[in-house]
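> Sequence plus the predicted model coming up.
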Amino acid sequence: MELLNRSAITITAKEPYINWANSLTPELPMQAKILGESHTYLTNPDFDNAEKHLKKYYKTIFENELFGIWTDENDWPKNRSFKMFCEWFQIEISDWVEDLSTKHLFED
């Protein structure tokens with residue numbers, strides 16, 4: 001086991017994100033596919049304020065999540081604010097990450 005020099009931001013989709021995804025393809029609802037799924041982003045470990053830390057990364061995370069559902073940016077919400085991000089995703093921040101795997105972090 002090894003302590004990684006990273007923090008982590010884990011997000012889980014909330015109803016507004018699912019509704020947006022479903023509005024793009026009403027014939028193929030996404031709710032069952034993404035409901036309850038979480039995605040974790042490793043970040044810089046040095047922070048003293050969780051909200052400030054999240055604000056540093058939220059735009060990148062938000063765009064990555066939108067792109068994961070729909071690649072045409074013209075259909076993305078136009079004003080992707082921090083407030084909207086918090087409304088669309090449940091957020092957890094871990095101030096440290098421990099690697100419990102016995103496998104190498106990167107393949108050779």
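In hand now; what should we look at? Numbers count the residues shown, from 1 in each chain.
> Need the per-residue pLDDT for the residue lying closest to Y41 once chain neighbours are set aside.
Once flanking residues are discounted, Y41 sits nearest to I9: 4.8 Å by Cβ to Cβ, 6 or more residues apart in numbering. All C-beta atoms are positioned from the backbone trio N, CA, C, and that covers glycine. Per-residue pLDDT puts I9 at 98.
> now swap in the one 10 residues further on and tell me
Among the per-residue scores, N19 holds a pLDDT of 89.
> How far off centre is the helix or strand containing it?
N19 belongs to helix 15-24 when assigned by DSSP states H and E. Put simply, helix 15-24 sits 15 Å off its chain's centre (Cα atoms, centre = their mean, to the nearest Å).
> quick one: buried residues of that helix?
Neighbour counts over helix 15-24 (16 or more other Cβ atoms under 10 Å) mark 17-18, 20-22 as buried.
> Over to stretch 73-88?
Under the neighbour-count criterion of 16+ other Cβ under 10 Å, stretch 73-88 has 76, 85, 88 buried.
> for stretch 40-53, same thing?
Neighbour-count burial for stretch 40-53, counted by 16+ other Cβ under 10 Å, picks out 43, 45, 53.
> Go through the residues you listed and flag which are in strands.
T43 (DSSP state E).
> Out of the buried residues of stretch 40-53, which one has the lowest pLDDT?
The member of the buried residues of stretch 40-53 with the lowest pLDDT is P45, at 91.
> just to revisit the earlier point, any figure for the gap between the residue nearest to Y41 and C86?
Using Cβ to Cβ, to the nearest Å, I9 is found at 12 Å from C86.
> Show me what the helix or strand containing K83 is packed up against.
Element membership for K83 (DSSP H and E) is helix 82-88. Here helix 82-88 touches helix 15-24, helix 50-69, going by 3 or more Cβ pairs under 8 Å, 6 or more residues apart in numbering; DSSP states H and E.
> For these, give me CSV that also has distance to L100.
Formatted as CSV, the helices and strands packed on helix 82-88 follow (distance: least, Cβ to Cβ, whole Å):
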stretch, distance to L100
helix 15-24, 29
helix 50-69, 24
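> For these, which has the smallest mean pLDDT value?
With a mean of 90, helix 15-24 has the lowest mean pLDDT of the helices and strands packed on helix 82-88.
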